[in-house]
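J.: How does the following fold in three dimensions:
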Amino acid sequence: MKGTVFGGVVYWPQHPDADMHGQLRCVIRCATRLHVRVALERHSIPYDDRVWILGIWRESQSAAEKLAIEHDFGVLFTCPLRTAYLSSDNYQAVGRNFGRQVP
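T.: Model prediction:
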């Protein structure tokens, strides 16, 4: 597989799987942290570079996450926090237009 699997918790209250605080788990297979930032900003998800320093985002070591996105380079996947890491079936690809503001 090419790329690295990065994962973290995001604040995205508009997403239907977000918890009562607007948070959910996101993962993406990509080449660099910059690609993570671009993917999050593409979906209007708030991003700050401190997420790496604080450990909110990092390289994922979860077998379930790696299996869920093994063939999807550059695609953002989400999972409710309560089911994160349990099964690869819990992770769903984000549609291209989800989260975008339509003019």
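J.: Does the most centrally placed residue in the chain lie in a helix or a strand, and which?
T.: When Cα atoms, centre = their mean is applied to the chain, the residue found nearest the centroid is C26 (2.0 Å). Under the criterion of DSSP states H and E, C26 resides in strand 23-30.
J.: List of residues touching that strand?
T.: The set of residues external to strand 23-30 that reach it, using Cβ atoms under 8 Å, 6 or more residues apart in numbering, is 1, 3-12, 15, 17-18, 35-36, 39-40, 45, 60, 65, 68-70, 72-81, 84, 91. Yep, even glycine has a C-beta here, placed from its N, CA and C like the rest.
J.: bridging residues for T78?
T.: Under the criterion DSSP bridges, T78 forms beta bridges with C26, Q92.
J.: So which elements touch the helix ranked longest in the chain?
T.: When the chain is parsed with DSSP state H, its longest helix is helix 33-42. Helix 33-42 sits against strand 4-11, strand 23-30, with contacts defined as 3 or more Cβ pairs under 8 Å, 6 or more residues apart in numbering; DSSP states H and E.
J.: so who does the nearest residue to V75 once chain neighbours are set aside touch?
T.: Nearest-residue entry for V75: A93, 5.2 Å, with adjacent residues in sequence omitted and distances by Cβ to Cβ, 6 or more residues apart in numbering. Listed by Cβ under 8 Å, 6+ apart, the contact set of A93 reads D72, V75, L76, F77.
J.: Great, nothing more from me.
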